[in-house]
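Enquirer: kindly return the folded structure for what I paste below:
(2 chains)
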2 protein chains.
Amino acid sequence: MDKQKGIETLFRPNSIAVIGASATKGKLGNSVVRNLLDSGYDGRIYPVNPKGGEILGLQVFRSVGDIPGDVDIAVIVIPARFVLEVVEECGEKGVEALVVITAGFKEVGHEGQEAERKMVEIAKQYDMIVQGPNCLGIINTSEPYNASFAAGTPEKGIIAFASQSGALMTGILDYSLMEKIGFSKFVSLGNKALLDESDFLKAFGNDPDSHFILLYIENVTDGKQFMEVAKEVVKKKPVFVVKSGVSEAGARAASSHTGSLAGSDTAYTVAFKQCGVIRAESISELFDIANVYDDMGLPAGNRVAIITNAGGPGIITTDACEGMGLEVAQFSSDTIDYLKERLPPAAALYNPIDALGTAQPEDYTVCMEAALRDPNVDSLIVLLTPQAMTKEAETAQAVVDTHQKFPEKPIVTVFMGGNSMVYPRIVLNEAGIPVFDFPERAVNAIAELYHYTVLRDSLKDETPPKFDVDKDTVQKIIREVREDERRVLLGHEAHAIAEAYGIPVAKIELATSSEEAKQIAEELGYPVVLKIASPDIVHKSDVGGIEIGLQTPEEVEEAFLRIVENARDGRPKAIIYGVDVQEMAEAGKELIVGCSRDVQFGPLIMFGAGGVYVNFLEDVAFRLAPMTRTDAKALIDETKISTLLKGVRGEPPSDVKALEDTILRISQLVTDFSDIVELDINPVFAYEQNEGVSAVDVKITISG
Amino acid sequence: MDKQKGIETLFRPNSIAVIGASATKGKLGNSVVRNLLDSGYDGRIYPVNPKGGEILGLQVFRSVGDIPGDVDIAVIVIPARFVLEVVEECGEKGVEALVVITAGFKEVGHEGQEAERKMVEIAKQYDMIVQGPNCLGIINTSEPYNASFAAGTPEKGIIAFASQSGALMTGILDYSLMEKIGFSKFVSLGNKALLDESDFLKAFGNDPDSHFILLYIENVTDGKQFMEVAKEVVKKKPVFVVKSGVSEAGARAASSHTGSLAGSDTAYTVAFKQCGVIRAESISELFDIANVYDDMGLPAGNRVAIITNAGGPGIITTDACEGMGLEVAQFSSDTIDYLKERLPPAAALYNPIDALGTAQPEDYTVCMEAALRDPNVDSLIVLLTPQAMTKEAETAQAVVDTHQKFPEKPIVTVFMGGNSMVYPRIVLNEAGIPVFDFPERAVNAIAELYHYTVLRDSLKDETPPKFDVDKDTVQKIIREVREDERRVLLGHEAHAIAEAYGIPVAKIELATSSEEAKQIAEELGYPVVLKIASPDIVHKSDVGGIEIGLQTPEEVEEAFLRIVENARDGRPKAIIYGVDVQEMAEAGKELIVGCSRDVQFGPLIMFGAGGVYVNFLEDVAFRLAPMTRTDAKALIDETKISTLLKGVRGEPPSDVKALEDTILRISQLVTDFSDIVELDINPVFAYEQNEGVSAVDVKITISG
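Expert: Residues are numbered from 1 along each chain as shown, chains lettered A, B, ... in the order given. Have a look, this model is predicted:
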């Protein structure tokens, strides 16, 4: 089945059947037919209802099979118990796409889930795509058609919107009609039985009528697919998302540091960042951004000019710019000279330009032209407060005229006030100039559009490196651990896996007696570390299960006995395999590299400051695997400790290249072996440049 | 001069003279007279203008001296050059308060500043208070009177507002008239020549008509006074502030860690927190909060119930609550049972309550009553989306009725949508129920009101402890350093100061020769540390100016020579006093305690994770001195490292009491000696409980 070809039909149908059409006003089956008629759809509309007759002047067919011509899409609004039968009929009729508005499927429990599964199965047999079930329908303003039971049709515009909450869409539609926000596509995802956010995202990406994509989602169906699709789409147009359900998952059971430091929502945040999607904080922010983009497009950079007739709002705007990663532009000397000649002596010429409370529309024009001509300016914020001599409407007109003269740089206005600003705001709105009532929202919209450009440009067509590794050894160890009916690997097993993937590990061997321990110590060379080997004891130091710096056979022997005794006392029920004897690595910068596994997005790699205090410092960052070298560099750079690795306060720089390699090898390991659900290397010691790193303590847990 | 008595007159004048009154419409002197008449002021109004005649039906006097009766306040709107003379006349006439609207003082440079100073001097001679100059005037809706040139009079309300930006006020006034936000007092601070934000804050605190105080400020005139006043006022009513100019000060030169880690705005943030004032992020947030408070008062706690007719908005609201420190309430079993009996089986009964898309006003009433009756609920958010069967206006009315039945718990509504919500929103507004269009703003307003209650309750009437200290020694050392024309103290001087204030320091003495160094080492006992003693070398380790763990006289001798040579090589121009020999403290938890001095608020104490990496970890918190023990505890608790100090992962807890003492002694030291502009103790080693702390490296810089 080619979903995209199906969506193509869904977006541009020649004929639409409404199965469950009704003549009774207020019924959903009536609303859908009415919306189709009202939206100006010029294809054929076939109402279907066993009762026959006529609905809103259209002939009603008793079944989809009775329709004489082809049917491209069928909108289904009949009770859930009849749906499967009708889907079958649609398949036989050759329908290409189903919009299942009917609720009562997965969302009501097991039985509904089973019906939904069967529906998809039937649809697949007939090569039909399915939107929904349990959705509001679909609206395409460029066709145009409205196959939904929404209370109206949005205005035509450039925004494609898909939402996992139908009710939210009804609110937004209502809001958009009042605020005059236009949409190209308006898609309710419903239960996402077949088509999900990734499918529509891809389709929006290819849709020439959609220039800006907004998503409201509560989860993604397939994390990897979403990221792949998004990476391509964001190259062409901005994608902004509100992802809710942050607190949904609650606390996850996690025994690793990586697992406990990654919140339930971390993978989403990381995924969006890695594929260039901007996560908005709120629905209203989403529309502020869309509104500015619609009117002004993208800023070329982050340097903002600010013009005001009052100091206070200028300062507030400056603060907001700096707080949100924008730069208050430094004007060229030409600009300053130009302004100096034309503004009163008391005016502030440096950015923000304060043209004073007496500023007239002409003064605003002088300032705007100077700022827009300045090569150091990427966008302009025009502030106006209603003072005694202020001409609000004429100043609005001056902004409109100036924008026509300099259409290439975004202008956003903030006309602060109430009644005196109502008409000026209409002037601006009509001319397509974004206008806000307070500065912060204006600044935020510009900032987020700028951040989109930065994120988009940071995406590179780069493939993850493939290191030459020993997969067989890893396979063998995992098989043996499974045979032993364990999930937690012993120290020497975990180290062997890391070693098989080329990670420099401290050598380690399991000793089952103090004699054996001494022997191994002789081989490894003194000093050595002894650690209890038990799958039931994760935090070894808590039970006195680790001794370091052992220098002689006698010390090793005594430590062996002490450790075993401590473990028996501390955890009487733990199964003890012996004691791991490990060579003692020279100390370096203490770091952690780890991995946990996210249900939607797969392996989530963590890097940061390591050691005993990793949970208290919380200086860690995350990326999803498989990672590219650029990802690895960015991951390291996101932590505070990266500054230390560059060498500060007279210290030499660390071997960051070796660290990157370690991260990338871990990325390859957890990508190759989905068995590995948790992995911590803590600490990884990083040494000076060209001296490498050393994985001192590796912990691995496999899936049950 | 009793400023508060003056403001009392300013708030309730029996007579007002307008000096510079004008018959010409559009002139400020005309606007002021017109506003006085329009606002319904029932006292006597005396226009003053040398031309005489009549203005708006009022007799004009040629000078303030010509006015027959008493004049309580004089509003001055004449050009700056005539102001001083008129102020003198006002004084002779016995005017009590001046509102100087006239601009052209401090804000225009040195000459204006001098005139402003003289104005205050004259005013003080005659015991007159001065509001402004360079201000919009003052409005008191409870009197009522409007002595400003604003374009209108705000509605009467409970909010007292003072602003350092007059233009911002004009915008807000305009906005408030449209949004029906009422004010009790509306005060433009202008240049704050005499009366500043603290004076008006105090007056607002005592004003029975003002229940909620909003401030917009760009700086405070007297930090300590502001904090003192605010601490008292917030016990009675909420104080919210927008402080702009965050980026104003730019980078401050700072050689200490404390100085470099404290941003230019840190002192404000800390000061507000320490005196119970909530800092809002934006003006619009300020009014959201005021609006909810005005209608609903304060929530008793942070447990919120959410009712919705759609899942998505419910999830968004839940996320917002958890993100802003509110708790989604856990309903009692009674509530759940009550709902179960009355809602459809598919409804979600646990918070958020999803009454489903079919929810009717009666269903909302059931849910609201259940939630408001539940003892586990402190406030309620009612969400509504416009779905096919939704009765928006009737649901609004149901909220109004329910609130009347349960007036004690705050209700905030979010009616999402556009045109279909216009009338329902009017219903809510008219009945005094706050209504928002999206959930985040509603949640934020409740959260900030809750945070106010927490902050208010955390303020205790506690005095800073007074330790028995040796001030004389400190005085003597500082005098000697000044005589030596230095600002940076040498190690042994700084340690001696800390010791004089009872801080456990590592013993240290200056050696000027390797012989002397060995002698001191013998006295202190091995091992010792050697550190270069030079006021010109702050970061000693950068030049090889420190050697630790020296065990023998030979090592001390060699280290002495090496250190001096390193310092000469690294900093050829540095003046070298010798080498400090210090006993080597046993290692403990590495912490930092420091102090920098803020221009407005005085000594700013820092505590956090110390050691070499303090700037990279940035795990620090701040408080202003003088500090109470509660402050010291809160300061420690604010850092991540405080978790470690409590003892984790098998480690014993640290001596937090000794650490508190050290912080409090430093607080006392920098309060006693304003000479000390920067102080770093890094590291402070904290040992196990009852084993104290040790100040290993003390650095002090005094004022020039």
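Enquirer: ok, and the closest non-adjacent residue to the most centrally placed residue in chain A?
Expert: For chain A, residue A:272 is the residue whose C-alpha lies nearest the centre (C-alpha atoms, centre = their mean; 2.3 Å). The shortest distance from residue A:272 to any residue other than its chain neighbours is 4.9 Å, reached at residue A:279 (C-beta to C-beta, 6 or more residues apart in numbering or on different chains). Placement of C-beta: from N, CA and C, glycine included.
Enquirer: so the residue nearest to the centre of chain A sits in a strand?
Expert: No - under the criterion used here (DSSP: H, G, I helix; E, B strand; the rest coil), residue A:272 is helix, not part of a strand.
Enquirer: how much space separates it from chain B?
Expert: From residue A:272 across to chain B, the span is 15 Å (C-beta to the nearest C-beta, to the nearest Å).
Enquirer: ok, now residue A:237?
Expert: Counting by C-beta to the nearest C-beta, the gap from residue A:237 to chain B is 24 Å.
Enquirer: need the helices for the stretch 251-400 of chain A, in chain order.
Expert: Assigned by DSSP state H, counting those that start in this stretch, the helices in the stretch 251-400 of chain A fall at A:257-261, A:266-274, A:283-296, A:311-323, A:333-342, A:361-373, A:392-405.
Enquirer: comparing these, which comes out most buried?
Expert: Mean neighbour counts were compared across the helices of the stretch 251-400 of chain A using mean count of other C-beta atoms under 10 Å in any protein chain shown; the top stretch is helix A:311-323, at a mean of 24.
Enquirer: in stretch A:688-704, what's buried?
Expert: Buried residues in stretch A:688-704, counted by 16 or more other C-beta atoms under 10 Å in any protein chain shown: A:692-702.
Enquirer: quickly check: it near chain B or not.
Expert: No - judged by C-beta under 8 Å from any C-beta of the partner chain, stretch A:688-704 makes no contact with chain B; its nearest approach is 14.2 Å.
Enquirer: list the buried residues in stretch A:636-656.
Expert: Result for stretch A:636-656 [16+ other C-beta under 10 Å]: buried residues A:636, A:638-642, A:644-645, A:654-656.
Enquirer: same deal with stretch A:344-364?
Expert: A:347, A:349, A:351-357, A:359-361, A:363-364.
Enquirer: out of these, who's near chain B?
Expert: Okay, of the buried residues of stretch A:344-364 touching chain B (C-beta under 8 Å from any C-beta), that's residue A:357.
Enquirer: what is the nearest of the buried residues of stretch A:344-364 to residue A:310?
Expert: Closest approach between the buried residues of stretch A:344-364 and residue A:310, by C-beta to C-beta: residue A:357, at 6.3 Å.
Enquirer: relative to residue B:404, how far out is that closest one?
Expert: Distance of residue A:357 to residue B:404, given as C-beta to C-beta, to the nearest Å: 46 Å.
Enquirer: isn't residue A:116 right next to residue A:191, touching?
Expert: Yes - under the criterion of C-beta atoms under 8 Å, residue A:116 makes contact with residue A:191 at 6.4 Å.
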